[in-house]
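Visitor: I'd like to go over a predicted model; first the sequence, then the structure.
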Amino acid sequence: MAGKGILHFDGASKGNPGKAGAGAVLMTEDGRVVSRIHEGLGVTTNNAAEYRALTLGLKEAIDHGFESIKVYGDSKLVTNQVNGVWQTRNQNMKELCNEVRQLKENFNSFEISHVPREWNAEADRQANMGIRLESGAVSEEHGDI
C-alpha cells in the first residue's frame, strides 16, 4: 500500500506507573481506516506507553508499505522530543525516542504533530483496550480497506 498515511497514537497508564496500554489507528491520506491496533504493556508509565503506541503504529505503517506518514498524538512530551524541540534526559525515554527516530528513517516523509485530546479519541480508545490485554499481547482490527 505505497503512498501517504496518517497515524494517530495514544498511550494509557492507570496509576502512572500502572497497568498500561498502547493504541494506534492507521489511515490512508483520505481518512479510510487501514487498521486499529492495541497492545498490553503490563506496568509502565504514561510517557513510556505513549512512546510504545507510536512505535506500534509506525511498525504497522511500515508493514503496510506507507512511504510517507503524518503522525498525530496528544502527548506534547513525545511529539516535542521526537521533533528535537525538547531534550530527552531520562535514559528510558531517550532509548524509546531513539527507536522512533530509527523507525522514521523508513519513510521518505515523516511529520509528527501534537493534537488536542479530543482529536485523538479513537487512538485513546485503542490504548484503553490495550490495558486489558496481557503484557506483550497485540490485537489488530482491519479497517475499511
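Guide: All right, it came through fine. Numbers count the residues shown, from 1 in each chain.

Visitor: got the phi/psi numbers for the spatially most central residue of the chain?
Guide: Compute the mean C-alpha point of the chain, and by Cα atoms, centre = their mean the closest residue is residue 54, 2.2 Å away. The phi/psi pair for residue 54 (degrees, to the nearest 10) reads phi -60, psi -40.

Visitor: surely it is in contact with residue 77?
Guide: No. Between residue 54 and residue 77 no contact is recorded; they are 11.2 Å apart, counting by Cβ atoms under 8 Å. Placement of C-beta: from N, CA and C, glycine included.

Visitor: one step back: now the residue nearest to the centre of the chain, nearest residue through space, not along the chain?
Guide: For residue 54, ignoring the flanking residues on the chain, the nearest one in space by Cβ to Cβ, 6 or more residues apart in numbering is residue 9 at 4.6 Å.

Visitor: what is the rounded mean pLDDT of the helix or strand that contains the one you found?
Guide: Using DSSP states H and E, residue 9 maps to strand 4-14. When pLDDT is averaged along strand 4-14, the result is 97.
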